[in-house]
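Q: could you work out the structure for the sequence below:
(2 chains)
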Amino acid sequence: MYEFIAFYIFAISTTILFLITVMSKNVLYSMTSLAGGMVMISGFFFLLGADFLGVVQLIVYVGAVMALYAFAMMFFDATKDVKEKHQNPTLVFLLGGLMALVFVVMFSAPIIGDNIQALYPVVDGVGNAQAVGMVLFTKYLVPFEVAAVMLLVAMIAGIILAGKKMDYSLTECEASDEELDAEILKGDA
Amino acid sequence: MLEIGVNHYLVLSGLLFSIGFVGVLRRKNLLMLFFATEVMLNAVNIAFVAIGNYYGDLSGQMFAFFIIAVAASEVAIGLGLLIILYKKYGSLDLDVISSMKG
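A: Numbering: from 1, shown residues only, chains lettered A, B, ... in the order given. Next comes the predicted model:
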């Protein structure tokens, strides 16, 4: 009963918030509703017994990713409305509706698949965080480490792309490295 | 009737994914396109966790973790690229940015 009420509250609010995200003309409204929708999605994770994932969703998505978007929006003009030229809106909604049907059928396919067995069953007697840790650090150790390296690479790339010589075009520079270094040294002096 | 099964979660996940998909189709602003991809990634996360819960399997949650990690790195790099594009063109509109004819 409580799951029923909670599911429908979360489902309706998530859908509405994400619709605002997709339809709104204002970047600020869009971002705020996206953050709200992600909080609601963590509610689904708690309902499904994935406590640790729900907390990670709150910390990483709502905390880190949204803060990153908020910082990035300082570089763009977020107050004025986004002007977009739509050439064929009916076609977009027709395609979207068709794809919606396909996705719903596709995502519902596991319902009729009955030959699937649990590869790493949920361990009894421990909480969700312990069970996740046991599987993550045994069976999924290598992907976990690779993900760590990927995050490091992404961090360095983000710093290089956004932070280094912010008044200097990185893509349109045809000067050689020595000239560039001289330019940078001159700029520092 | 009052029982919430895996079907509910999967249908909801498909709906949210479609919302994100419509966003990717109709948005012309790059930042808004990023938001729409986030919506799609979150929808898939719900499906993974729901199916994992249904089969009593932890793999669904594991994949959701890795999706979150991929999304975080995608945002870090993508926003860096967006800042460079904005510095270069003064706009994030795809019609302004596109340099290929056709």
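Q: and for A:M74, the neighbour number?
A: 9 (other Cβ atoms under 10 Å in any protein chain shown). All C-beta atoms are positioned from the backbone trio N, CA, C, and that covers glycine.
Q: for A:A11, give its distance to A:M155.
A: Going from A:A11 to A:M155 by Cβ to Cβ, to the nearest Å gives 35 Å.
Q: those two: who's more crowded?
A: A:A11 (21 against 14).
Q: C-terminal to the helix or strand in which B:F65 is found, what's the next element?
A: Assessed by DSSP states H and E, B:F65 sits inside helix B:59-89. Once the chain leaves helix B:59-89, the next helix or strand it forms, by DSSP H and E, is helix B:94-97.
Q: and that following helix, what's buried?
A: By 16 or more other Cβ atoms under 10 Å in any protein chain shown, helix B:94-97 has no buried positions at all.
Q: in chain B, what residue comes closest to chain A?
A: B:G80 (2.8 Å; Cβ to the nearest Cβ).
Q: could you find the closest non-adjacent residue to that residue?
A: A:L161 (2.8 Å; Cβ to Cβ, 6 or more residues apart in numbering or on different chains).
Q: is it true that A:E84 lies in a strand?
A: No: per DSSP: H, G, I helix; E, B strand; the rest coil, A:E84 lies outside any strand segment and is coil.
Q: one step back: and the residue nearest to B:G80, what's its pLDDT?
A: Per-residue confidence at A:L161 stands at 82 (pLDDT).
Q: kindly report the same for A:D181.
A: Reading off the model, A:D181 has pLDDT 67.
Q: and the residue of chain A found nearest chain B, what does it touch?
A: Per Cβ to the nearest Cβ, A:L161 is where chain A lies closest to chain B, at 2.8 Å. A:L161 sits next to A:170, B:77, B:80-81, B:83-84 when contact means Cβ atoms under 8 Å, 6 or more residues apart in numbering or on different chains.
Q: do that again at 10 Å, thanks
A: The contact partners of A:L161, by Cβ atoms under 10 Å, 6 or more residues apart in numbering or on different chains, come to A:170, B:76-84.
Q: and what of A:Q57?
A: A:38-39, A:41-46, A:50, A:63, B:42, B:45, B:49, B:64-65, B:68.
Q: so it, which of the three states?
A: Secondary structure of A:Q57, per three-state DSSP, is helix.
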